[in-house]
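Colleague: the following block contains a protein sequence and its predicted model.
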2 protein chains.
Amino acid sequence: MSTHHALQTSPMPTLLDALRELLGERLSTSRTECEQHGRGESYHQTLPPDAVCYAESTAEVATIVKLCAAQRVPIIAFGAGTSLEGHVGAAIGGVCIDLSRMQRIIDVRPDDLDVTVEAGVTRMQLNAELRTTGLFFPVDPGGESTLGGMAATRASGTNAVRYGTMRENVLNLTVVLADGQVIKTGGRARKSAAGYDLTRLFVGSEGTLGIITEVTLRLYGIPETTCVAVCTFPTIASAVSSVVSIIQYGIPASRVELLDARTVQAVNRFSQMRLTETPTLFFEFAGSPASVAEQVELTQEIVESNGALGFQTAADADARSALWRARHNVHYAMQSMRPNARIWSTDVCVPISALTQCIAETAEDVAKVSFFVGVVGHVGDGNFHLGLVVDPDNEAEMAEAEALNERVVERAIALDGTCTGEHGIGSGKIKYMALEHGAAVGVMRLIKQALDPLGLMNPGKILPEA
Amino acid sequence: MSTHHALQTSPMPTLLDALRELLGERLSTSRTECEQHGRGESYHQTLPPDAVCYAESTAEVATIVKLCAAQRVPIIAFGAGTSLEGHVGAAIGGVCIDLSRMQRIIDVRPDDLDVTVEAGVTRMQLNAELRTTGLFFPVDPGGESTLGGMAATRASGTNAVRYGTMRENVLNLTVVLADGQVIKTGGRARKSAAGYDLTRLFVGSEGTLGIITEVTLRLYGIPETTCVAVCTFPTIASAVSSVVSIIQYGIPASRVELLDARTVQAVNRFSQMRLTETPTLFFEFAGSPASVAEQVELTQEIVESNGALGFQTAADADARSALWRARHNVHYAMQSMRPNARIWSTDVCVPISALTQCIAETAEDVAKVSFFVGVVGHVGDGNFHLGLVVDPDNEAEMAEAEALNERVVERAIALDGTCTGEHGIGSGKIKYMALEHGAAVGVMRLIKQALDPLGLMNPGKILPEA
């Protein structure tokens, strides 16, 4: 039991007894497990909870929440631990509810192009399950995230330019509220005008308003034809300008990914690829054969008029999956550039017309720092990431990283963009909430107080102190 | 001044003095104007406000709200008065803020495919303004609605099957809160994971949480080629089954509209058309010439295998706009079937696999009533409407209408659908909120209390009494 948790030190023993009675072996207070549950995949300090509960049903989550609430003990939901902004740290201690054992695929409805899953199902597990139906779920953040966690953080990924993010792809959620009540936020109709949009309120609320235990998602038919293209450029600016033209032209590419030269180098090394080490775009085009051919042709014209050095397509499934596997492993590829370092992964998103300026100015900042930084991005959305490969114990480096992050975030907000396109606020970006949202932060705080009056749901996340 | 408004009878004179000082001639208490502002386009009783303020800026709206709040006087926002569920009725009196003079198009940004407008700009005005840019805004409810009203009611229309509803197409809102504070709910980035999704919370909140004064919207390129098709069927079930197959097949039709035989009859008469008077689908296909040809061919195959009687395409602009004008005028066409009657317009939305059953069973109900009922629908979304042509002074007819509405709504909810796909709750569908949302209504009520503690924003809408 950690000792810095004055708030709940005294009631904890009774609570733990009650939780043990409910969960038996599925309650753990082991130091290792608590530490594993107190960190994500980025640079943030590990903040272990006091106990971890492995829940197996919505009813069980509701009971755990009621027991904790009765003792005023904080509650933190945990999926796969792949978050990047300190979302799962137990800022003031408390009980972690691990949902990863809630892995049931409840109902696949191919005729309605939707599916209901428990929160602990991962996106890869779901797509494996769907293989025989000809359908797939497109949202693909890099890690092997759970769908509950993806809903809670409004995740997106490489397919968002075509299919949208979790915001567009969640139809309904089952949520356990701060008082243990269970609600459903929507239905399965494609659209509804019946009252406040609670689904979108809980999507992206990062466990601060309630705990998502089931998710109903939209599915899509696997396209008839898919083709990838790898396109190299002399400068990062010429790559980004190509993307801006492609989006403005309305070419419905399903993926448009940027990697800077250094990231390509890291990918080559980690994934045994032989890509030219220069700013590069990975594209995917999908649809009917005629539509794919048309998209490829138009894209090639645009990139060539922007000075592309090369444009190579590949339609076979092995080449395609090798390319996207390499892209999804960028985080780990950067990590491998410097053993024992951590990746400070930050992301911003700006209107597409501001993307070239934003990335070019950021590249100048990046050139000045003392450690490896990779620039990658879902640039079709105006979204890009920096991976800062830092030693968390090196104070000077961390200060440099902090300053770089701040410059990038402030630049994006000044360009009418956002401090995070897809990683979320967690604890890492709380300091930018007021700059981005102004007085609207007050509205968010009112909602938080209304739904979680005791402040027990994932405290210390999203909202700055009043 | 109406006399049934005990709540604010005494402070009203002082408030009116203050409002007159602010607005001069732009404050009206004339009976005619108050009555015009107390009703939409459906069957609901006229509930006039005590005064109408014609606001010209966000700052002015904020001042009006502050003055009203200080005197505890209700505030109702008004756009074009095209709502269908009694949204603008002054249930307990109060001040109406008419936003229709806020008609500035603030900024068109073709490079970012977005635009910011004042709340009183209508969709037709916006599209006229955009004509030279090659862009358009797709969401198209039937009436000449304002974009602020469309955001407030989460409107959709014929294009939603391809482009989504207001939910998917609003990037940012300027909102005057219940205490007169002004906030922005988002930015212009295509996606963001920065905090609670206030944009989606205010979209569809029907003026009960705040007043929308500016809207930033997504725009789309006008497709290179557009083609319409009119397809006739022996039965409504065969028409609907065709649509279900088309959606499940993934054909990206941009419009899929159903009209039953009686509605076609009304359209022929009102819009001087010569359509065959049998269940009919209107389609629109858009994209590159190759893609449109492919869509038309696949659709024709599907409808023919479902027993279509005829399938006629038209690519020229005049034929296309005549068809969609006729579709958009269906409400008025039904109205013309019986002078002095009102249209009780109701809509529901169900998962696509339940659509054939839902419409077939509803058609049996419709066949039993004593008055004209038209069935139309944005069936690609699983959404359909009934237009009940009733005499509001005929009690027996109104009771019959009420019973029909109830059967349709309860059927849709039982099929995992919603009591309204696009018309909203207003006052007309409050009684179905608990059936559809269960305990989630309590969460909506907590949000309402948090953001509007005095209960002054459009009282008597969306939320049932506790």
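Modeller: Sure, I can see it. Numbering: from 1, shown residues only, chains lettered A, B, ... in the order given.
Colleague: domains in chain A, by residue range?
Modeller: Listed domain ranges for chain A are A:6-98, A:105-221, A:225-331, A:334-424 (source: automatic domain parsing).
Colleague: quick one, helices of the stretch 1-150 of chain A?
Modeller: For the stretch 1-150 of chain A, the helices defined by DSSP state H, counting those that start in this stretch cover A:12-23, A:31-36, A:58-70, A:123-130, A:147-152.
Colleague: most neighbours per residue, which of the domains of chain A?
Modeller: Comparing these by mean neighbour count (mean count of other Cβ atoms under 10 Å in any protein chain shown), domain A:105-221 ranks first with a mean of 23. Quick note: C-beta positions are derived from backbone N, CA and C, even for glycine.
Colleague: for that one, how far is the first residue from the last?
Modeller: 18 Å (Cα to Cα, to the nearest Å).
Colleague: quick check: mean pLDDT across that domain?
Modeller: For domain A:105-221, the mean per-residue pLDDT is 97.
Colleague: how far does that domain sit from the chain's center?
Modeller: Put simply, domain A:105-221 sits 13 Å off its chain's centre (Cα atoms, centre = their mean, to the nearest Å).
Colleague: would you turn the domains of chain A into CSV with distance to B:Arg411?
Modeller: Output for the domains of chain A, formatted as CSV (distance: least, Cβ to Cβ, whole Å):
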stretch, distance to B:Arg411
domain A:6-98, 27
domain A:105-221, 13
domain A:225-331, 36
domain A:334-424, 39
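Colleague: of those domains, which is nearest B:Tyr249?
Modeller: Nearest of those to B:Tyr249, taken as Cβ to Cβ: domain A:105-221 at 7.8 Å.
Colleague: break down the stretch 151-300 of chain A into its strands, ranges please.
Modeller: With DSSP state E, counting those that start in this stretch, the ranges of strands along the stretch 151-300 of chain A come out as A:170-177, A:182-184, A:210-218, A:220-221, A:225-232, A:255-259, A:280-287.
Colleague: near chain B, anything from the shortest one?
Modeller: Yes: contact between strand A:220-221 and chain B, assessed by Cβ under 8 Å from any Cβ of the partner chain, occurs at A:220-221.
Colleague: that strand - contacts with which helices or strands?
Modeller: Strand A:220-221 sits against strand A:135-136, with contacts defined as 3 or more Cβ pairs under 8 Å, 6 or more residues apart in numbering or on different chains; DSSP states H and E.
Colleague: how about the residue nearest to the spatial centre of chain A: what's its closest non-neighbour residue?
Modeller: Central residue of chain A (Cα atoms, centre = their mean): A:Ala155, 3.8 Å from the mean position. Nearest residue to A:Ala155, sequence neighbours excluded (Cβ to Cβ, 6 or more residues apart in numbering or on different chains): A:Pro141, at 4.5 Å.
Colleague: my guess is the one you found contacts A:Glu422. True?
Modeller: Yes: here A:Pro141 reaches A:Glu422: they are 7.0 Å apart, a contact under Cβ atoms under 8 Å.
Colleague: what do those two both touch?
Modeller: Any residue near both A:Pro141 and A:Glu422 by Cβ atoms under 8 Å, 6 or more residues apart in numbering or on different chains counts here, and that gives A:155-157.
Colleague: which residues of the stretch 51-200 of chain A lie near chain B?
Modeller: Residues of the stretch 51-200 of chain A lying near chain B (Cβ under 8 Å from any Cβ): A:109-114, A:153-156, A:160, A:164-165, A:167-168, A:177, A:181-185, A:187-198, A:200.
Colleague: of all the helices of the stretch 1-150 of chain A, which one comes closest to A:Gly89?
Modeller: Closest among those, using Cβ to Cβ: helix A:31-36, at 10.9 Å.
Colleague: what does that closest one contact?
Modeller: By Cβ under 8 Å, 6+ apart, the residues outside helix A:31-36 that reach it are A:2, A:28, A:46, A:48-52, A:81, A:96.
Colleague: which one of these is nearest to chain B?
Modeller: A:Gly81 (17.4 Å; Cβ to the nearest Cβ).
Colleague: picking that back up, nearest to B:Thr278, out of the helices of the stretch 1-150 of chain A?
Modeller: Here helix A:123-130 is closest among the helices of the stretch 1-150 of chain A (Cβ to Cβ), at 39.0 Å.
Colleague: name the helices or strands packed onto the closest one?
Modeller: Secondary-structure packing of helix A:123-130 (3+ Cβ pairs under 8 Å, 6+ apart): strand A:105-109, strand A:114-118, helix A:147-152.
Colleague: how about those in a markdown table, adding distance to B:Asp416?
Modeller: Formatted as a markdown table, the helices and strands packed on helix A:123-130 follow (distance: least, Cβ to Cβ, whole Å):
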| stretch | distance to B:Asp416 |
| --- | --- |
| strand A:105-109 | 10 |
| strand A:114-118 | 10 |
| helix A:147-152 | 19 |
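Colleague: start to end distance for stretch A:202-220?
Modeller: 23 Å.
Colleague: repeat for stretch A:176-189
Modeller: End-to-end span of stretch A:176-189 (Cα to Cα): 22 Å.
Colleague: chain center to stretch A:375-393, what's the gap?
Modeller: The gap between where stretch A:375-393 is centred and where its chain is centred comes out at 13 Å by Cα atoms, centre = their mean.
Colleague: do the same with stretch A:220-237
Modeller: 22 Å.
Colleague: alpha carbons of the top helix by length along chain A, as PDB, please.
Modeller: When chain A is parsed with DSSP state H, its longest helix is helix A:395-414. Coordinates of each C-alpha in helix A:395-414 appear next as PDB, following Å, rounded to 0.1, in the frame of the first residue of the first chain:
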ATOM      1  CA  GLU A 395      16.700  16.600 -16.200                       C
ATOM      2  CA  ALA A 396      18.200  18.800 -18.900                       C
ATOM      3  CA  GLU A 397      16.800  16.600 -21.700                       C
ATOM      4  CA  MET A 398      13.400  16.500 -20.100                       C
ATOM      5  CA  ALA A 399      13.400  20.300 -19.900                       C
ATOM      6  CA  GLU A 400      14.400  20.500 -23.500                       C
ATOM      7  CA  ALA A 401      11.600  18.000 -24.400                       C
ATOM      8  CA  GLU A 402       9.100  20.000 -22.400                       C
ATOM      9  CA  ALA A 403      10.000  23.200 -24.200                       C
ATOM     10  CA  LEU A 404       9.800  21.500 -27.600                       C
ATOM     11  CA  ASN A 405       6.400  20.100 -26.800                       C
ATOM     12  CA  GLU A 406       5.200  23.400 -25.600                       C
ATOM     13  CA  ARG A 407       6.300  25.200 -28.800                       C
ATOM     14  CA  VAL A 408       4.500  22.700 -31.000                       C
ATOM     15  CA  VAL A 409       1.300  22.800 -29.000                       C
ATOM     16  CA  GLU A 410       1.200  26.500 -28.800                       C
ATOM     17  CA  ARG A 411       1.900  26.700 -32.600                       C
ATOM     18  CA  ALA A 412      -1.000  24.300 -33.300                       C
ATOM     19  CA  ILE A 413      -3.500  26.200 -31.100                       C
ATOM     20  CA  ALA A 414      -2.400  29.500 -32.700                       C
END
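Colleague: on that earlier part again, can you list the helices of the stretch 1-150 of chain A in CSV and add distance to A:Ser288?
Modeller: Formatted as CSV, the helices of the stretch 1-150 of chain A follow (distance: least, Cβ to Cβ, whole Å):
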stretch, distance to A:Ser288
helix A:12-23, 52
helix A:31-36, 46
helix A:58-70, 41
helix A:123-130, 21
helix A:147-152, 29
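Colleague: A:Ser436 - how many residues pack around it?
Modeller: One thing to correct before we go on: residue A:436 is Glu, not Ser. Residues within reach of A:Glu436, counting by other Cβ atoms under 10 Å in any protein chain shown, total 24.
Colleague: what's the spacing between it and A:Glu395?
Modeller: 28 Å (Cβ to Cβ, to the nearest Å).
Colleague: repeat for A:Glu33
Modeller: 30 Å.
Colleague: likewise for A:Asp111?
Modeller: According to Cβ to Cβ, A:Asp111 and A:Glu395 sit 58 Å apart.
Colleague: also A:Thr174?
Modeller: The gap separating A:Thr174 from A:Glu395 is 44 Å, by Cβ to Cβ.
Colleague: helices along the stretch 351-466 of chain A, start to end?
Modeller: Counting by DSSP H, counting those that start in this stretch, the helices of the stretch 351-466 of chain A are A:355-368, A:395-414, A:433-437, A:440-451.
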